[in-house]
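Trainee: quick one, structure for this:
(one chain, ligands or ions: 2)
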Amino acid sequence: MAAPGRLPKSIATVCLSGALPDKLEAASAAGFEAVEIFENDLLTFDGTAADVRRMCEDLDLAVSIFQPFRDFEAMPEPQRTRNVDRAERKFDTMQALGTDLVLVCSNVQAAALDDPSRAAADLREMAERAARRGLRVCYEALAWGRHVNRWRQAWDIVRRADHPALGLCLDSFHTLSVGDDLAGIGVVVPPEKVFFLQLADAPRLAMDPLSWSRHHRLFPGQGELDVARFLRDLLGTGWAGMLSLEIFNDEFRAAPSRRIARDGLRSLIWLEDQVRRAPLPDLPRLSGIEFVEFAVDPAARNELGRFLGGLGFAKAGLHRSKDVELWRSGAANLVLNAEPDSAAAERFEQLGPTVCAMALRVDDPERVVARAEALQYPVWRERIGEGERRIPAVRQPDGTLVYLVEDPSQGAQPIWEDDFSLSPIADGPAAPLGVDHAAQAVAPGMMDSFVLFYRAVFGLQPEALWELPDPYGLVRSRAFVAPNGSVRLPLNVSESTRTGTGRFVSALAGAGVHHIAFAVPDAGAAADAAAARGAPMLDIPENYYEDLAARLGLGDAELHALQQRHLLYDQDAAGGVFRHAYTRQFRDRIFLEIAERSGGYTGFGAVNAPVRMAAQRRNARQGIGSVPSD
Ligand SMILES: O=C(O)c1ccc(O)c(O)c1
Ligand SMILES: [Mg+2]
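Mentor: Ligands and ions are numbered 1, 2, ... in the order given. Next comes the predicted model:
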């Protein structure tokens with residue numbers, strides 16, 4: 001039974017990959033109370049409807065609905081009579097399945113009559129036949145229905161049919177995709193006549209609703225439709241039924257069903273918070289990336305230390321009880337973790353030197369932990385030594401850790417002082433003000449899991465998607481940004497295994513941070529200092545600067561100053577300017593950036609990414625900057 005406030009939750013089998021038993025197990029393991037049995041999943045199952053019913057019973061799952069029943073209403077004879085026979089046969093199936101509800105979606109046939117009273121009469125007859133067996137029918141307007149494609153039209157027909165066993169099915173996608181909403185629904189539809197509710201989000205795409213719906217639906221919170229408002233409008237009528245997810249998505253169909261099912265449940269928990277039905281602990285107030293942590297062993301640490309030294313990083317502290325070093329430049333912190341028998345060691349054993357974690361500064365770490373746990377994200381607490389601070393972490397969808405540390409600028413004792421013996425270091429010119437952003441490569445099909453994670457746990461907003469041409473394929477990039485701009489996390493994904501992103505993902509069997517940008521007050525001075533230290537900076541071709549001059553009309557002196565330092569440049573419409581430069585790669589797996597923002601620039605220099613990616617490939621071919629990997 002659902003807790004007070006919470007509503008029971010269901011998921012359509014069509015959302016999940018695998019054979020029907022896999023789908024049911026995944027739904028049950030995630031904690032759903034019910035499943036929509038999608039007819040195709042039954043047709044392709046090698047067993048009877050009664051077998052499905054038993055499986056569901058064993059898994060503690062109710063069958064919330066059987067669907068879809070297509071092209072039923074307002075057909076001319078002889079299809080009309082045939083449809084009634086077809087309905088009786090599906091009622092048999094429903095009874096064997098143990099569900100009392102069937103979904104009829106609006107007719108898409110060219111032969112369908114544009115006659116609401118005929119549609120009403122047909123549905124009334126179906127409802128009457130259903131009622132004789134104790135069954136019920138609900139009617140859904142598909143956004144591409146031949147004559148019925150809005151919920152108000154579907155309601156008009158249900159109202160005319162006037163049968164207690166006939167009600168409405170609402171589906172957020174069909175309503176929101178055509179620019180409609182549920183405003184005012186309470187005035188016309190009694191809440192008890194909404195028999196079923198399907199929830200789906202989607203990205204905004206310029207596409208016909210049918211293709212959009214069949215391939216690109218997402219869980220609530222993963223897309224751009226206002227599903228929360230949709231649900232709020234319905235709850236406002238006093239309706240309190242089951243929340244059911246119905247997502248047709250090509251990536252979901254290919255992904256492990258357990259991850260997708262769990263994301264589905266999380267999306268509904270998040271949505272219940274959005275509509276204040278079952279509030280979660282408040283979102284954190286974020287104030288930056290406190291550190292990025294590398295998994296190393298002593299040898300890799302030496303090599304990585306030399307690489308970091310090029311940007312002015314130096315050892316600034318030693319952990320009191322573990323083989324962990326703090327490297328620092330200005331206000332940017334990097335942790336090099338060689339402690340055996342730790343989460344870092346586990347990652348090092350498998351993947352060699354890589355970023356294994358990052359830490360976000362938040363107002364109250366324990367509240368974030370409570371929020372993450374309520375959303376069923378795993379929480380990690382490393383063992384600690386006497387007198388040391390326990391830093392909790394949440395696991396990202398790829399298994400890497402996000403530590404949560406209290407913001408030292410808000411009066412909290414910096415974690416470094418409890419756990420490290422610190423040795424002061426002298427900062428060079430234009431030392432970092434902090435970590436500007438940390439970019440991650442994610443495996444294809446994982447992006448939407450991250451969208452939900454960052455939005456639901458941290459309240460990060462996904463920015464628009466960039467499509468960046470790498471010499472060997474396309475990289476799609478999307479940044480997640482805190483509302484106050486203090487945390488920026490770009491995520492990159494590539495279907496091609498030959499792009500920089502794709503190679504990183506396959507080499508590292510998943511995902512991780514592959515690029516850390518440090519905010520500097522003056523990119524020119526920082527680049528000069530890096531050059532003086534012999535940092536391996538990425539060469540940028542002359543053509544880039546010629547294009548810059550043509551595109552943005554920069555003066556010769558400014559252009560020369562950029563070119564000399566391998567600096568890239570971008571500006572936005574409001575006059576914000578971005579100057580940045582990259583190092584070559586460390587072992588083909590991580591590179592660093594110095595980044596100067598001015599005039600309120602909020603982007604990442606995405607226009608320059610193709611130039612950077614091509615330069616990285618050129619450098620890699622020339623055998624520079626990429627020490628052979630282990
Ligand atoms: O795409 C479809 O055909 C389809 C079927 C059933 C639904 O509930 C739906 O929203 C869409
Ligand atoms: Mg639907």
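
Trainee: which non-adjacent residue is nearest residue 482?
Mentor: residue 286 (4.4 Å; CB to CB, 6 or more residues apart in numbering). C-beta coordinates here come from the backbone N, C-alpha and C atoms, glycine included.

Trainee: quick one: the one you found from ligand 1, how far?
Mentor: 37 Å (CB to the nearest ligand atom, to the nearest Å).

Trainee: same question for residue 418.
Mentor: 54 Å.

Trainee: and for that residue, nearest residue in space, chain neighbours not counted?
Mentor: residue 389 (4.5 Å).

Trainee: and the one you found, what element?
Mentor: Using DSSP states H and E, residue 389 falls within no helix or strand.

Trainee: for the residue nearest to residue 482, give its distance to residue 23.
Mentor: 37 Å (CB to CB, to the nearest Å).

Trainee: rewinding a little: neighbours of the residue nearest to residue 418, how many?
Mentor: Using other CB atoms under 10 Å, residue 389 is surrounded by 14 other residues.

Trainee: tell me the contacts of it?
Mentor: 415, 418-419 (CB atoms under 8 Å, 6 or more residues apart in numbering).

Trainee: just residue 239 next, same as before
Mentor: Here residue 239 is in contact with 191, 194, 197 (CB under 8 Å, 6+ apart).

Trainee: out of those, list just those in helices.
Mentor: Nothing among these maps onto helices, per DSSP state H.

Trainee: can you list the residues you listed in CSV and add pLDDT?
Mentor: Converted to CSV, these look like this (pLDDT from 0 to 100):
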residue, pLDDT
191, 98
194, 98
197, 98
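
Trainee: now those residues in a markdown table, with distance to ligand 1?
Mentor: What follows is the contacts of residue 239, written out as a markdown table (distance: CB to the nearest ligand atom, whole Å):
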| residue | distance to ligand 1 |
| --- | --- |
| 191 | 20 |
| 194 | 14 |
| 197 | 11 |
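
Trainee: got a PyMOL select line for the buried ones in the residues you listed?
Mentor: Under the burial definition 16 or more other CB atoms under 10 Å, those of those that qualify are selected in PyMOL by:
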select buried, resi 194+197
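
Trainee: next, the closest residue to residue 459 other than its chain neighbours: phi, psi?
Mentor: Excluding its sequence neighbours, the residue lying closest to residue 459 (CB to CB, 6+ apart) is residue 283, at 3.9 Å. Phi and psi for residue 283, reported as degrees, to the nearest 10, are phi -60, psi 150.

Trainee: my guess is residue 283 meets residue 370, correct?
Mentor: No: if you go by CB atoms under 8 Å, residue 283 and residue 370 don't touch, sitting 11.8 Å apart.

Trainee: of those two, which one has the most company?
Mentor: residue 283 (20 against 15).

Trainee: so how far is residue 461 from the more buried one?
Mentor: Counting by CB to CB, the gap from residue 283 to residue 461 is 11 Å.

Trainee: equivalent analysis for residue 482, please.
Mentor: Residue 482 is 8 Å from residue 461, by CB to CB.

Trainee: okay, these two: which has more neighbours?
Mentor: Set residue 482 next to residue 461 and count neighbours by other CB under 10 Å: residue 482 wins out with 21 against 12.

Trainee: next up, the contacts around the residue of the stretch 51-200 of the chain found nearest ligand 2.
Mentor: Nearest to ligand 2 in the stretch 51-200 of the chain, going by CB to the ion, is residue 171, at a distance of 3.6 Å. Neighbour list for residue 171: 140, 197-200, 246 [criterion: CB under 8 Å, 6+ apart].

Trainee: likewise residue 515?
Mentor: 438-439, 590-593.

Trainee: and the two most separated of these?
Mentor: Pairwise distances across the contacts of residue 515 (CB to CB) peak at 11.8 Å, for the pair 438 and 591.

Trainee: with neighbour numbers in mind, choose between these two.
Mentor: Per other CB under 10 Å, whichever of residue 438 and residue 591 has more neighbours is residue 591, with 23 against 19.

Trainee: check which helices and strands whichever helix or strand residue 270 is part of sits against.
Mentor: According to DSSP H and E, residue 270 maps onto helix 257-274. Helix 257-274 sits against strand 9-12, helix 20-30, helix 227-235, strand 243-245, helix 447-453, with contacts defined as 3 or more CB pairs under 8 Å, 6 or more residues apart in numbering; DSSP states H and E.

Trainee: what angle separates that helix from helix 227-235?
Mentor: 60 degrees (axes from the mean of the first three to the mean of the last three CA atoms, to 10 degrees).

Trainee: and the average pLDDT for helix 257-274 is what?
Mentor: Here helix 257-274 scores 98 as its mean pLDDT.

Trainee: repeat that for stretch 339-351.
Mentor: 91.

Trainee: how about the residues of this structure by ligand 2?
Mentor: 171, 198, 246 (CB under 5 Å from the ion).

Trainee: what would those residues look like in JSON lines with distance to ligand 1?
Mentor: Output for the residues of the chain next to ligand 2, formatted as JSON lines (distance: CB to the nearest ligand atom, whole Å):
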{"residue": "171", "distance to ligand 1": "5"}
{"residue": "198", "distance to ligand 1": "6"}
{"residue": "246", "distance to ligand 1": "6"}
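
Trainee: how about those in a markdown table, adding pLDDT?
Mentor: Below are the residues of the chain next to ligand 2 laid out as a markdown table (pLDDT from 0 to 100):
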| residue | pLDDT |
| --- | --- |
| 171 | 98 |
| 198 | 99 |
| 246 | 98 |
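
Trainee: tally of neighbours for residue 346?
Mentor: Neighbours around residue 346, by other CB under 10 Å: 14.

Trainee: and whichever strand or helix holds it, what other elements does it pack with?
Mentor: Residue 346 belongs to helix 343-351 when elements are defined using DSSP H and E. If contacts are counted by 3+ CB pairs under 8 Å, 6+ apart, helix 343-351 sits against strand 286-295, strand 354-362.

Trainee: only the buried residues of that helix, if you could.
Mentor: 343-345, 347-348, 351.

Trainee: what sits against whichever residue of the stretch 301-450 of the chain sits closest to ligand 2?
Mentor: Of all residues in the stretch 301-450 of the chain, residue 448 sits closest to ligand 2, with a separation of 19.2 Å (CB to the ion). Residue 448 sits next to 218-219, 222, 249, 251, 263 when contact means CB under 8 Å, 6+ apart.

Trainee: that older thread, residue 394: which of the contacts of residue 239 is nearest?
Mentor: For these, the nearest to residue 394 is residue 197 (30.3 Å; CB to CB).
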